[in-house]
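S.K.: no sequence on hand, only this structure:
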């Protein structure tokens, strides 16, 4: 079964998370979390760190990732591991694959006209709010 990952990067301020605007299908033009394919022979954790660096320039020194959940799609022969963490310090992000932007956690991530994943991104945020300790997060509401 092919593995993929999504990586939740919460900003240091605890009010935003990092997203990318997809430049190609699937989900072309929609906002999504960063992540990608787990290569043969890679551990899930190594793949998440590699994808994070390739897409954002962030390293393990910038953020500690914790596995939050797994989505299993047996009909499609794949699974998606979701990792989460919060930036330790203010850090610029950059990547060539997709446009990167910080998005307020107050958005409606269940809006499938703006966000990829058929509502899964909204679900991920709700689980993260229930268990912020899993990723050592300090998520704040409001301004």
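M.R.: Thanks, I have the structure now. This is a predicted model, so every value here is computed, not measured.
S.K.: okay, and for this structure, where does confidence drop off?
M.R.: When residues are selected by pLDDT under 70, those of the chain lie in 134-143.
S.K.: quick one: furthest residue from the center of it?
M.R.: For the chain, the C-alpha lying farthest from the average C-alpha position belongs to residue 75; by Cα atoms, centre = their mean, that distance is 23.1 Å.
S.K.: name the element that residue belongs to?
M.R.: For residue 75, there is no enclosing helix or strand under DSSP states H and E.
S.K.: measure it to residue 45 for me?
M.R.: Summarising the geometry, the distance separating residue 75 from residue 45, computed by Cβ to Cβ, to the nearest Å, is 26 Å. C-beta: built from backbone N, CA, C; applies to glycine.
S.K.: likewise for residue 18?
M.R.: Distance, residue 18 to residue 45, by Cβ to Cβ: 19 Å.
S.K.: who's more crowded, the two?
M.R.: Remark: of residue 18 and residue 45, residue 18 carries more neighbours, 22 against 15, as counted by other Cβ atoms under 10 Å.
S.K.: who's in contact with that one?
M.R.: By Cβ atoms under 8 Å, 6 or more residues apart in numbering, residue 18 lies in contact with 9-11, 33-34, 56, 93, 100-103.
S.K.: please repeat the previous calculation with a cut-off of 6 Å.
M.R.: Contacts of residue 18 were listed using Cβ atoms under 6 Å, 6 or more residues apart in numbering, and they are residue 9.
S.K.: if it is in a bridge, with which residues?
M.R.: Note on residue 18: beta-bridge partners by DSSP bridges are residue 102.
S.K.: now residue 50: which helix or strand?
M.R.: Residue 50 is located in helix 44-56, with elements delineated by DSSP H and E.
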